[in-house]
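> Got a predicted structure here, sequence first:
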Amino acid sequence: MSRGGRHAYGALSVLAAGALVLTGCSKGGSDDGTDGKKDQENAKSQQAAIKFGDAADSTGPAPEVPGAKSGGTMEVLQRDSYAHLDPAQIYVSDQMSLAQLIHRGLTGYKATGNDGKQHEVVGDLATDSGTTTDGGKTWKYTLKDGIKFADGTPITSKDVRQSIERLFAPFITQGPSYLQQWLADTSGADYRKLLKDGPYKGKHLPNSILETPDGKTIVFHFKKAHPDLPYALAMAGYSVVSAKGDTKQRYDKAPVTSGPYKIQSFKSGKSMVLVKNPNWDAKTDPIRHQYVDQFNFQFNQQYETSTKALLADSGADQAGVSFNNQVDAGNLSQVLRDSKLKARTVSGYQPYVGQMNINMSKPELKDIRVRQAIAYALPVTPFVRAYGGTDAMEVAGGLISPTVSGYDASFDPYGKKKKPAGDADKARELLKKAGKLNMKLTFGYINTNEGQQYSTAMAAGLKKAGFDVQRQEIPAETYYDQVSKLNNPYDIFHTAWGADWPSASTVIPPLYDGRQIADGAANYSQINDSHVNSEIDRINQITDPVRSAAEWEKIDKYLLTKVVNEVPTGYYKQTQIAGSKVGGLVYDDVIGGIDPRRLYIK
């Protein structure tokens, strides 16, 4: 996971740029900031239990959505225009949602129920989710018959090779870098040395790394085992690009699509129109539908504007939706409590988990009793409240999100679900034992309204336990740059992180691998624990996703009970609304929002 990738950016947008800038107090939960049983049950039902599907699972067409009809035009109200349409540049959630309709990759997520909560990874353009006979070092994919781009060109292994090799080109800067790093067997940006200019100067990856022996076969050869490859290839960033239609940088505004829809027009910052792709064959696609004739997008629709329009439910807005806009803070409580709106709203978890980092590089924080005292004392109620209360966030127990395999709803080592206001007495006792009463703590916080609000109240909770807390403001636009510096002056500071796919392999290694401590890296607490490091290497080799989930869960528990380098604060949630004529409305855990592939007009 690169520092500039979707989730470092996403966490910044959650905290600073408005993705979850909600204010006010929730009336839905109890005043202590927890919604108790209901949230626990929801979380349990939303836990990802992902399997890698075989050829039968990967055969189209996708199961019919109950009651679905074909035809009509759907209006899509979006706050942000799409900065990137080239799959290789897609790493932000709104572009990922759009990609579900226009791009296809070797693998993808198939919903196995009608509630958006159960999934399996299946072959999308490939006949299955991939086969490996050596624990994940070698992976083989075979392309399906009858797959074509929107211009009618058949999709072959030549296109897949082009899609992979162009990831190394210097103009590809925004997408994920997992696959490139795995192929180059390196971390960071070093992978570019493997194929400096991509495929554009006549050079290709050698067969010892990427093989395409015929028009249908693709074989990946890695030096180390990568059992998560089927997950990685399901990312929008690894969707297929047309070798014939590759216009390099210009592809970003006008890609040749392969999904059920193609782009009829795109006016950046204003509008977009998607129409049916006549060369998409439902028989090859186990994941998507093509019920709607046309999607009309309008950009620059702020959350409040889109919420009001969809609540009013008149004219074109009756067949209106937003793929990513949330119900705005001012209307959230009313929308969730109006029984008449129940059929038109969906809610679910985003992949983000908030955590208060304890800076392990500071000598005064080396004593585990001091870190435990911070963990017990820290009130999380102010944080939840600052971002909209329990309608917008659930008090977190562990570091693994409810959307990720290995999540345990009952895990709550510091009693935050029961006592979200903190346990000052227990903390004071630990501080006394450590001989550190009135110890100074520098608390770095983001200078937004929410940051001011939660840091003031959190600091008061820590003071109550016997800490001398000094708050220090950090500008929002450079917040992550500041807190990811090795010699930063902060003892504690808050970050948020989201999994790139529903496995803790995209949470634990980037955040807690001690060998990844560097300026700008995501190991914010600068933890370097030999047990954690060796367990990361061991678990990364496990090919069974169910078994690896159980092992990542053990590391989550070890980190919070034996190391205590962080205090989880909240699991982020989202609520969305649609017009009364929109059918197939489901909140999809993997997408982290409305699933556009199921929508139809009633």
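That came in fine, so what should we check first?

> To what extent is the closest residue to Asp423 other than its chain neighbours buried, counted in neighbours?
Excluding its sequence neighbours, the residue lying closest to Asp423 (Cβ to Cβ, 6 or more residues apart in numbering) is Tyr376, at 4.6 Å. C-beta coordinates here come from the backbone N, C-alpha and C atoms, glycine included. For Tyr376, the neighbour count with other Cβ atoms under 10 Å is 24.

> Just to be sure, Tyr376 is in a strand?
No - assigned with DSSP: H, G, I helix; E, B strand; the rest coil, Tyr376 falls outside any strand and is helix.

> Tell me if I'm right that it and Phe467 touch.
No - assessed by Cβ atoms under 8 Å, Tyr376 is found out of contact with Phe467, at 11.5 Å.

> between these two, what contacts are shared?
The contact sets of Tyr376 and Phe467 do not overlap (Cβ atoms under 8 Å, 6 or more residues apart in numbering).

> Just the mean pLDDT for stretch 419-437, thanks.
Taken as a whole, stretch 419-437 has an average pLDDT of 97.

> Please read the previous query as pertaining to stretch 471-486.
When pLDDT is averaged along stretch 471-486, the result is 92.

> same question, stretch 507-519
Mean pLDDT, computed over stretch 507-519, is 92.

> So what touches it?
Here stretch 507-519 has contacts from 1, 187, 353, 399-401, 404, 484-486, 497, 499, 522-530, 532-533, 536, 539-540, 552, 555-556, 559, 565, using Cβ under 8 Å, 6+ apart.

> and the gap between the residue nearest to Asp423 and Lys362?
The spacing between Tyr376 and Lys362, counted by Cβ to Cβ, to the nearest Å, is 19 Å.

> again, but for Ser339
Separation of Ser339 from Lys362 (Cβ to Cβ): 51 Å.

> Settle it for me: which of these two has more neighbours?
Of the pair Ser339 and Lys362, Lys362 is the one with more neighbours under other Cβ under 10 Å, namely 17 against 6.

> Which residue is the nearest non-sequential neighbour of that one?
Nearest residue to Lys362, sequence neighbours excluded (Cβ to Cβ, 6+ apart): Asp491, at 5.7 Å.

> Same question for Lys283.
Leaving aside its chain neighbours, Lys283 sits nearest to Gly60 (5.0 Å; criterion: Cβ to Cβ, 6+ apart).

> neighbours around His204, how many?
So His204, with other Cβ under 10 Å, has 15 neighbours.

> isn't it right next to Ile164, touching?
No - assessed by Cβ under 8 Å, His204 is found out of contact with Ile164, at 10.0 Å.

> Mind listing the shared neighbours of these two?
Common contacts of His204 and Ile164 (Cβ under 8 Å, 6+ apart): Leu210.

> those strands in the stretch 351-500 of the chain, which residues are they?
Ranges of strands within the stretch 351-500 of the chain are 393-395, 439-446, 467-474, 492-498, based on DSSP state E, counting those that start in this stretch.

> Among these, which comes closest to Ala56?
Set against Ala56 and scored by Cβ to Cβ, these come closest in strand 492-498, at 31.7 Å.

> just how off-centre is the following helix or strand past the closest one within its chain?
Once strand 492-498 ends, the next helix or strand along the chain (criterion: DSSP states H and E) is helix 508-512. Distance, stretch centre to chain centre, for helix 508-512: 15 Å (Cα atoms, centre = their mean, to the nearest Å).

> what does stretch 547-561 give?
Distance of stretch 547-561 from its chain centroid, counting by Cα atoms, centre = their mean, is 20 Å.

> cool, stretch 577-596 as well?
Per Cα atoms, centre = their mean, the centroid offset for stretch 577-596 relative to its chain is 17 Å.

> average pLDDT across it?
95.

> Just the CA trace of it, in PDB.
What follows is stretch 577-596, C-alpha atoms only, in PDB (Å, rounded to 0.1, in the frame of the first residue of the first chain):
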ATOM      1  CA  ILE A 577     -30.800   7.800  -0.100                       C
ATOM      2  CA  ALA A 578     -32.500   7.300  -3.500                       C
ATOM      3  CA  GLY A 579     -35.700   8.400  -5.300                       C
ATOM      4  CA  SER A 580     -38.800   6.300  -4.900                       C
ATOM      5  CA  LYS A 581     -38.500   4.800  -8.400                       C
ATOM      6  CA  VAL A 582     -35.100   3.300  -7.800                       C
ATOM      7  CA  GLY A 583     -35.000  -0.400  -7.400                       C
ATOM      8  CA  GLY A 584     -32.300  -2.800  -6.500                       C
ATOM      9  CA  LEU A 585     -31.000  -0.500  -3.800                       C
ATOM     10  CA  VAL A 586     -28.300  -2.200  -1.700                       C
ATOM     11  CA  TYR A 587     -25.300  -1.000   0.300                       C
ATOM     12  CA  ASP A 588     -22.400  -3.100  -0.700                       C
ATOM     13  CA  ASP A 589     -19.700  -3.600   1.900                       C
ATOM     14  CA  VAL A 590     -16.800  -4.100  -0.500                       C
ATOM     15  CA  ILE A 591     -17.700  -1.100  -2.600                       C
ATOM     16  CA  GLY A 592     -18.400   0.900   0.600                       C
ATOM     17  CA  GLY A 593     -21.600   2.400  -0.800                       C
ATOM     18  CA  ILE A 594     -24.500   1.800  -3.100                       C
ATOM     19  CA  ASP A 595     -24.000  -1.100  -5.600                       C
ATOM     20  CA  PRO A 596     -24.600   0.400  -9.000                       C
END
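
> list the buried ones in that stretch?
Across stretch 577-596, burial judged by 16 or more other Cβ atoms under 10 Å covers 577-596.

> repeat for stretch 485-502
Buried residues in stretch 485-502, counted by 16+ other Cβ under 10 Å: 488, 490-502.
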